[in-house]
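In: Next comes the sequence, and after it the predicted model I'd like to discuss.
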Amino acid sequence: MKEVIHEMFSEEQVQNKIVEIAEKLNKEYAGQSLHLICILKGSIFFFTELAKHLTIPVTMDFMVVSSYGNGTSSSGNLEIRKDLEEPIEGLHCLIVEDIIDSGNTLSLTRKMLQGRGPASLKICTLLDKPERRETQVEVEYTGFVIPDAFVVGYGLDYAQKYRNLPYIGVLEFVEE
Ligand SMILES: O=P(O)(O)OC[C@H]1O[C@H](OP(=O)(O)OP(=O)(O)O)[C@H](O)[C@@H]1O
Ligand code: HPA
């Protein structure tokens with residue numbers, strides 16, 4: 001099988017969307033500092049591009065999480081593979097994600113971080129695939145709502161490949 005990628009959003013469309021989100025954040029967090037939480041690895045491109053367009057004071061931290069089913073609950077459990085380095089108590093926090101699919105990772109991550117006493121905690125995702133949702137999760141800032149297709153590029157991978165594509169595309173498997 002050959003892997004073929006069909007462009008869904010060009011580099012320019014992604015860039016424009018990120019600037020739009022940043023402008024919204026600059027207005028909504030005016031007069032405050034924002035603590036950006038990057039969920040590695042997928043959100044790294046979105047995270048850095050978004051941060052570059054924020055004019056409010058920001059701090060940053062990084063974590064690696066993964067959700068896995070426990071056989072009885074659809075929302076499963078959260079494995080923290082790399083935790084934040086700093087406490088978030090009293091901080092205005094924004095979780096930055098590349099994609100919300102089943103919602104399991106983000107709902108568990110949000111619950112876990114909420115327990116650490118931030119002043120506020122919101123979620124910003126570049127892509128949202130609502131048709132695939134298993135666990136509801138409140139998302140305050142969304143770039144693009146997309147149909148149920150497997151997408152790669154701009155940080156998103158298939159088997160760790162294609163993260164470096166500057167655009168977002170749908171991955172298709174074609175008979176050779
Ligand atoms: O809504 P969900 O169904 O939980 O899926 C979304 C999660 O899956 C992807 O991460 P992945 O575990 O593939 O790791 P990666 O960011 O390193 O690619 C993505 O970055 C989200 O964290
Ligand atoms: O469509 C996707 N692409 C890459 N990684 C993902 N993780 C959840 N959904 C996706």
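Out: The structure has been received and is ready for your questions. Ligands and ions are numbered 1, 2, ... in the order given.

In: Wait, a helix at residue 49?
Out: Yes. Residue 49 forms part of a helix when assessed by DSSP: H, G, I helix; E, B strand; the rest coil.

In: The nearest residue to it once chain neighbours are set aside: neighbour count?
Out: Of all residues not flanking residue 49 in the chain, residue 18 sits nearest, at 4.9 Å (Cβ to Cβ, 6 or more residues apart in numbering). Where you see a C-beta, it was placed from the backbone N, CA and C, and this is true even at glycine. Neighbourhood size, residue 18 [other Cβ atoms under 10 Å]: 22.

In: Enumerate every residue touching residue 18.
Out: 46, 49, 50, 53, 126, 143 (Cβ atoms under 8 Å, 6 or more residues apart in numbering).

In: Equivalent analysis for residue 143, please.
Out: When contacts are counted by Cβ under 8 Å, 6+ apart, residue 143 touches 14, 17, 18, 21, 46, 125, 126, 127, 128.

In: next one: phi and psi at it?
Out: Backbone geometry at residue 143, expressed as degrees, to the nearest 10, gives phi -80, psi -70.

In: Distance-wise, check it relative to ligand 2.
Out: For residue 143, the distance to ligand 2 (Cβ to the nearest ligand atom, to the nearest Å) stands at 14 Å.
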